[in-house]
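1. next comes the sequence, and after it the predicted model I'd like to discuss.
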Number of protein chains: 4
Amino acid sequence: MNTFNKQVMHVGEMASGAKLTVPVYRYESSNTEAPAVYIQANMHGAEVQGNAVIFQLLELLKYCKIQGNITLVPYANPVACNHKNGEYTLGRFDPITGVNWNRMYHFNESVIAPFAQQHLDAAEHEIQTNFQQLLLDQIEQKLDHNIWGLTTGQRIAYQLQRMAHQADIVLDLHTGPISSKHLYCPEYAKASANYFDIPHTIFIPNDFDGAMDEATFCPWWSLQQSFKAMGRDFVMGKGAFAKESFTVELGSQEQIDLEVARQDALGILSYLQFKGVIESTEFIPTKMIRYACYLKDYKALYSPMGGMVDFLAEFGKPLPAGEPLARILRMDNYGDGDPLHQVSLDKTVLPILHFASASVNQGTELYKVFCNYFEI
Amino acid sequence: MNTFNKQVMHVGEMASGAKLTVPVYRYESSNTEAPAVYIQANMHGAEVQGNAVIFQLLELLKYCKIQGNITLVPYANPVACNHKNGEYTLGRFDPITGVNWNRMYHFNESVIAPFAQQHLDAAEHEIQTNFQQLLLDQIEQKLDHNIWGLTTGQRIAYQLQRMAHQADIVLDLHTGPISSKHLYCPEYAKASANYFDIPHTIFIPNDFDGAMDEATFCPWWSLQQSFKAMGRDFVMGKGAFAKESFTVELGSQEQIDLEVARQDALGILSYLQFKGVIESTEFIPTKMIRYACYLKDYKALYSPMGGMVDFLAEFGKPLPAGEPLARILRMDNYGDGDPLHQVSLDKTVLPILHFASASVNQGTELYKVFCNYFEI
Amino acid sequence: MNTFNKQVMHVGEMASGAKLTVPVYRYESSNTEAPAVYIQANMHGAEVQGNAVIFQLLELLKYCKIQGNITLVPYANPVACNHKNGEYTLGRFDPITGVNWNRMYHFNESVIAPFAQQHLDAAEHEIQTNFQQLLLDQIEQKLDHNIWGLTTGQRIAYQLQRMAHQADIVLDLHTGPISSKHLYCPEYAKASANYFDIPHTIFIPNDFDGAMDEATFCPWWSLQQSFKAMGRDFVMGKGAFAKESFTVELGSQEQIDLEVARQDALGILSYLQFKGVIESTEFIPTKMIRYACYLKDYKALYSPMGGMVDFLAEFGKPLPAGEPLARILRMDNYGDGDPLHQVSLDKTVLPILHFASASVNQGTELYKVFCNYFEI
Amino acid sequence: MNTFNKQVMHVGEMASGAKLTVPVYRYESSNTEAPAVYIQANMHGAEVQGNAVIFQLLELLKYCKIQGNITLVPYANPVACNHKNGEYTLGRFDPITGVNWNRMYHFNESVIAPFAQQHLDAAEHEIQTNFQQLLLDQIEQKLDHNIWGLTTGQRIAYQLQRMAHQADIVLDLHTGPISSKHLYCPEYAKASANYFDIPHTIFIPNDFDGAMDEATFCPWWSLQQSFKAMGRDFVMGKGAFAKESFTVELGSQEQIDLEVARQDALGILSYLQFKGVIESTEFIPTKMIRYACYLKDYKALYSPMGGMVDFLAEFGKPLPAGEPLARILRMDNYGDGDPLHQVSLDKTVLPILHFASASVNQGTELYKVFCNYFEI
């Protein structure tokens, strides 16, 4: 049975002086060739199912033949996961500033070109080592040498990112509001999407917007492109650039289900087996139709009116043009207006998630759907 | 086809001066013998399904033979039903004061004994008329003659209560957090519980705690008891005292389902047919086992620890002593403590509802269950 | 220099498992004759100035001749004092349930009469010892023997109350929203109100509504009255019944001012010197006019309309009938209505505090004022 | 006496169907040469003082000789200004999404270069007319032709921006949390800063980040630069490019003071007189030292620790290096740590505003200060 070690990381302080801490679990391997893995959960407060998945991973990994170091971090954001407002967890953004907790990671694109220039003739291994060190140094500098200080969320994010930069594979476990399972996958890592037990994948480009997955793959992808512009060609996802980061959306928020978590953990092990992190042949991805679309085709539909919504469209089932996604009830219009408004679209879409509550203002995000989707 | 009239009631103002309005629908009847009915929904912001039930009632009543006046009020609390915090509706209490919106109705017990004394020899019909007028006068006085003003919630509640006091039957449509359907029913109205399509009933005593149902039946019950103490015996639920009020819990909050709402509306029509409000034989209560318990046996279980909860017990299915209600995940304890804690009770219970979120503090209400329940 | 001891009390757990802790400071004395004192601060999250007063008390007490045990508890409610919503601290009520944190203390009046009956002939000292033990036993039972659990707030409140019941003098440090300094004082303890440096006092009767001050003096007052009804006369505030509890309102919430806190601490020492807790003659209450009224005359004025308020009336300065308390701006009425509404009363009042924000709904508490006030 | 017209603009709907409306006041002039002005207030919910300033402006403008059209919009954001959480107004961001209400305006930089190319030889007047129309068309398209809908905030923002684009001068009235008066001024409009009665000015560059001021001057500044790159030189602030937008920070939030508002209104009239919008010589800017710095030197200081803050530094008074800005109280450290932590900086700064509450987490914004400031 494998043993892990456990550490408690101090990531901040509340007004009362209460320490904000995060538990960190590590399975370590002496095999330095296999990829290192970083998995975190619950950066958004209400998105708790990832903690259960980490529980099941920790249980299952006890009996796996582990090749690469694996770091697992549940409860990644202790401010968010304890922030209640009414019965629910107000955890998508800092309650003081409104800033999304998953938009505070760091990437300074201006360091890329000089590094590439400087390493134009360097060995691939050297590039990998030095660039990883550069990324870590940048985080260290943010954490330690800033007389103006850091925001609450940056201090948490940077400490997580420091661990993530030491890995080759990063899985950031999230959930949608009320949602099917889906995966954010960098375009170059398409092949990997078939190893998770997740039927919907969004292929994302090389644009940094502050999220953990982007913060860990964009630097390498930008470096690869910078080298390419200078005439040296590396393949993303191979060799020094064998870096993959995914945001794994495990379903709906505000829920813990340990049985479903076990299935999700098995899907992750199937991917880790594929990447050689664990040596095994037992984890077989579930057979299913896997749909994908490009990020530009992953569209949010904002409610055309205020009202109370009966969400009709099923997730993951193609919805033909003109078929209703939802009916919006407007009792104030009963008797002298239109009390039921049907919402539909003019093209076939694949519904992926919908808003967490039936009550919407005009302009609240109703649904997110795949357009121009395809099987993979 | 019956026609209704519609009015818009002005119940308050926001800081910007925006008017708070509530739509009021009325089917009127010339039959003055049949009971009058008052039905409201959405006093708590997140409990929206009652609006859909009122929609279906309005639709179905078009084709019924209506005997008694029926007043229907969706969106009863416009502050609460528009108050978002994060994605959810923070609508169980005034966001400024924390006071539960359904604890602000009025009942001044001190008027009962003098009224009974004064009407000891009055005709039953006179008692009914005068007492109803007394209740209405008390509300008027609160609304109109108070130099110190009313709270936001009182102003809304009293205007609703004024309508409710004019009815013989009051249905206040609510929901639980994540919940089975259940009914709060005054003990003397037990017979009526069999006519709703609701499998769980809580029989409540004559204690006023500020809720709508209590505010409309407690005065009459207290009057009946006061007369009894003076030697004059009336039967609650009959004659002048034929007053019934129910809180109807329609399932889970934050959800609209128009199909389920139609079923709920049919159950309410079955009850109204039983009471002679509509003349029909078509509405047959669904055959089902109906469980009930007394309010003192409707128990809340508070979480023995902080953690993330996998709710296991099914609603409405007897759970034997020792069987797990829930498992609480505590990843911070993984490796050096107990990461999974099982919650059970030492007696058989009937689970009715559970908390809306998986994340609980030590002391958050986990479940509400029937103890000492019985079939009715 | 006196030394204190410090303990850290564990009062609960958050969803992540984070421990909720409260620091407890104690100056102990071997003199068992002098009264024991319990002082807590910050039960409401935004009411932080009491922590600064406890800081200054701890500093000043180092050099006092302490006669009675003194327990000081800052940050009494770690859930509330860390709960931000937007920039402010949402700390007057549990964010999940809406229940006011200072309405969760325990008092079971039904134990009073049996205790008095049983101790009708007991020595006064025995009465004191046994009754205090009874109060403590009741709390222990609540904390330890409840299979249904306690709410988050009860668990915190009962642990604080356990300490408070061991003291003769209880000071619960609060603040108003935007407020003058004022004191809640039980009617029988009037004499003490002159020793604090606080110009406004509210005399409160023997009614328990769940607050800390009531929870610690009501049991003793009820016992004294019970004995009286049985023919045995004790004087409240003397001998076994020398129990005093105050809610000390230190001014406005959301503010820390260490200089003002030092003045407040000196006022408290003046009172403690008067009660013989510290042996000294150096603490002289500030000369000032002290106004008081009875609780029934401490009136809240609710806003007659929604709008934005220019609060005009000064705290602590008698406001003649008809003079404006406030002007309410209603820009939506500009041009076709009344854009400025003046609020006044029909009697002279003493304004004590007003709402924390300029934006009010119809029915928001605008001001609290003394009516029928008098000098003490 | 001048007369204005008033309209009510419909900007959205809440879940109950309640209309979100905004009042719009207009003083119109037949002089088409004088600049048109647009003034709005209260885009952030707690920042209410601008409404009082608009009240005073409407009063004062009745008696001015008005040359240019003036549009005044109080309560610009009816969602935000009615959103209470606890006693305060949670109005800096959408409570559902966390997005800052003043970061949702529109500017599509990609239209600039083609327009300049197309108008390289056009008359200045034609450029002005056509470019304004282009900006308006872009907003119309956003509002009317988007099958995916708009967010709640975009729908509000774009309707305000449509009015602002029709003006030459835009004043967006805001406040800080607890704050001195200060002004955001585009670098090219420096001269105007001396006409407001505001002692602190931040000069901002041509960077669009979503705010109203930027949304109205950045397009013109970008156009001017685009023309310049193509060899045609216009002067920003003159002729077709006589466009100025300011964010006017009126002091602290959550407060209405009608007297102070009158002073602020007089300062604004002094600026409007300078620009020829009103013909007068009576409005003289108050003599005061006016400090300014560049945006890059307007620095936020984030709290180095959690705690409760005694804010010490006065606004607008240079604070030498090493002098304390604030003291942070940490009672949990009393007795075995450092209970008082002093915060200072290593350079002289001019404190402008501080956080609204004494309670801060590690990383909460404590102060904002001018560095490298200068007199203007």
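-> The structure has been received and is ready for your questions.

2. what's near enough to touch A:Tyr271?
-> Residues counted as contacts of A:Tyr271 (Cβ atoms under 8 Å, 6 or more residues apart in numbering or on different chains) are A:Ser192, A:Tyr195, A:Phe196, A:Pro285. C-beta: built from backbone N, CA, C; applies to glycine.

3. from those, which would you call buried?
-> Listed as buried from the contacts of A:Tyr271 are A:Ser192, A:Tyr195, A:Phe196, A:Pro285; burial here means 16 or more other Cβ atoms under 10 Å in any protein chain shown.

4. which two among these are spaced furthest apart?
-> A:Ser192 and A:Pro285 (10.5 Å; Cβ to Cβ).

5. flag every residue of the stretch 201-350 of chain A that's near chain B.
-> Taking Cβ under 8 Å from any Cβ of the partner chain as the contact definition, the stretch 201-350 of chain A meets chain B at A:254-258, A:308-310, A:327, A:329, A:331-332, A:334-336, A:339-340.

6. take the residues you listed and keep only those in helices.
-> A:Leu258 (DSSP state H).

7. coming back round to it: show me which of the buried ones among the contacts of A:Tyr271 neighbour chain D.
-> Among those, chain D is touched by none when using Cβ under 8 Å from any Cβ.

8. next one: phi and psi at the closest residue to A:Phe274 other than its chain neighbours?
-> Distances taken as Cβ to Cβ, 6 or more residues apart in numbering or on different chains place A:Tyr195 nearest to A:Phe274, at 4.5 Å, with adjacent residues excluded. With angles defined as degrees, to the nearest 10, A:Tyr195 sits at phi -100, psi -20.

9. do you know how far A:Tyr195 is from B:Gln138?
-> Distance, A:Tyr195 to B:Gln138, using Cβ to Cβ, to the nearest Å: 70 Å.

10. and what of A:Ile66?
-> Distance from A:Ile66 to B:Gln138, by Cβ to Cβ: 74 Å.

11. check which helices and strands the longest helix along chain A sits against.
-> Longest helix in chain A, counting residues (DSSP H): helix A:124-144. Contacts defined by 3 or more Cβ pairs under 8 Å, 6 or more residues apart in numbering or on different chains; DSSP states H and E place helix A:124-144 against helix A:112-118, helix A:152-164, helix A:212-229.

12. make JSON lines from those and add mean pLDDT to it.
-> Shown next, in JSON lines, are the helices and strands packed on helix A:124-144 (pLDDT from 0 to 100):
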{"stretch": "helix A:112-118", "mean pLDDT": "98"}
{"stretch": "helix A:152-164", "mean pLDDT": "98"}
{"stretch": "helix A:212-229", "mean pLDDT": "98"}
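
13. closest one to C:Leu350 among these?
-> helix A:152-164 (42.2 Å).

14. C-alpha coordinates for the helix or strand just after that closest one, PDB please?
-> Remark: after helix A:152-164, the chain's next helix or strand is strand A:169-176, criterion DSSP states H and E. Output in PDB follows, covering the C-alpha atoms of strand A:169-176 (Å, rounded to 0.1, in the frame of the first residue of the first chain):
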ATOM      1  CA  ILE A 169      -0.200  17.700 -15.600                       C
ATOM      2  CA  VAL A 170      -2.700  20.000 -13.900                       C
ATOM      3  CA  LEU A 171      -6.300  19.200 -13.100                       C
ATOM      4  CA  ASP A 172      -8.400  21.900 -11.600                       C
ATOM      5  CA  LEU A 173     -11.700  20.300 -10.300                       C
ATOM      6  CA  HIS A 174     -14.700  22.500 -10.700                       C
ATOM      7  CA  THR A 175     -18.400  22.200 -11.200                       C
ATOM      8  CA  GLY A 176     -21.000  24.100 -13.100                       C
END
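
15. average pLDDT across strand A:169-176?
-> For strand A:169-176, mean pLDDT is 98.

16. counting contacts, what elements does the very next helix or strand once past that strand pack onto?
-> Counting by DSSP H and E, the next helix or strand C-terminal to strand A:169-176 is strand A:178-179. Counting contacts by 3+ Cβ pairs under 8 Å, 6+ apart, strand A:178-179 is packed against strand A:244-252, strand A:350-354.

17. TSV for the ones you listed, including mean pLDDT?
-> As requested, the helices and strands packed on strand A:178-179 are exported to TSV (pLDDT from 0 to 100):
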stretch	mean pLDDT
strand A:244-252	98
strand A:350-354	98
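
18. look up how far chain C lies from the closest residue in space to A:Val360 that isn't next to it in sequence.
-> Excluding the flanking residues, the one nearest A:Val360 by Cβ to Cβ, 6+ apart is A:Ser303, at 4.5 Å. Distance from A:Ser303 to chain C, counting by Cβ to the nearest Cβ, to the nearest Å: 24 Å.

19. from memory A:Ser303 sits against A:Val309, does it?
-> Yes - with contact defined as Cβ atoms under 8 Å, A:Ser303 reaches A:Val309; the gap is 7.4 Å.

20. overlap in contacts, those two.
-> A:Ile328, A:Val360, A:Leu366.

21. among the residues you listed, which one sits closest to chain C?
-> A:Val360 (21.5 Å; Cβ to the nearest Cβ).

22. the closest one: how many residues sit nearby?
-> Each residue near A:Val360 was counted by other Cβ atoms under 10 Å in any protein chain shown, and the total is 27.

23. one step back: need the helices and strands packed on strand A:178-179 in JSON lines with distance to chain D and mean neighbour count, can you?
-> Below are the helices and strands packed on strand A:178-179 laid out as JSON lines (distance: least, Cβ to the nearest Cβ, whole Å; neighbours: other Cβ atoms under 10 Å in any protein chain shown):
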{"stretch": "strand A:244-252", "distance to chain D": "17", "mean neighbour count": "25"}
{"stretch": "strand A:350-354", "distance to chain D": "14", "mean neighbour count": "25"}
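
24. how close does the residue in the stretch 51-200 of chain A that chain C sits nearest to get to chain D?
-> Chain C sits closest to A:Asn82 of the stretch 51-200 of chain A, with a gap of 4.2 Å, by Cβ to the nearest Cβ. Noted for A:Asn82: a distance of 12 Å to chain D, by Cβ to the nearest Cβ.

25. wait, what's in contact with the residue nearest to that residue when sequence neighbours are not counted?
-> With Cβ to Cβ, 6+ apart as the criterion, A:Asn82 has its nearest non-adjacent residue at 4.2 Å, and that residue is C:Met14. Residues in contact with C:Met14 (Cβ under 8 Å, 6+ apart) are A:Asn82, B:Gly306, B:Asn361, B:Gln362, C:Leu20, C:Val79.
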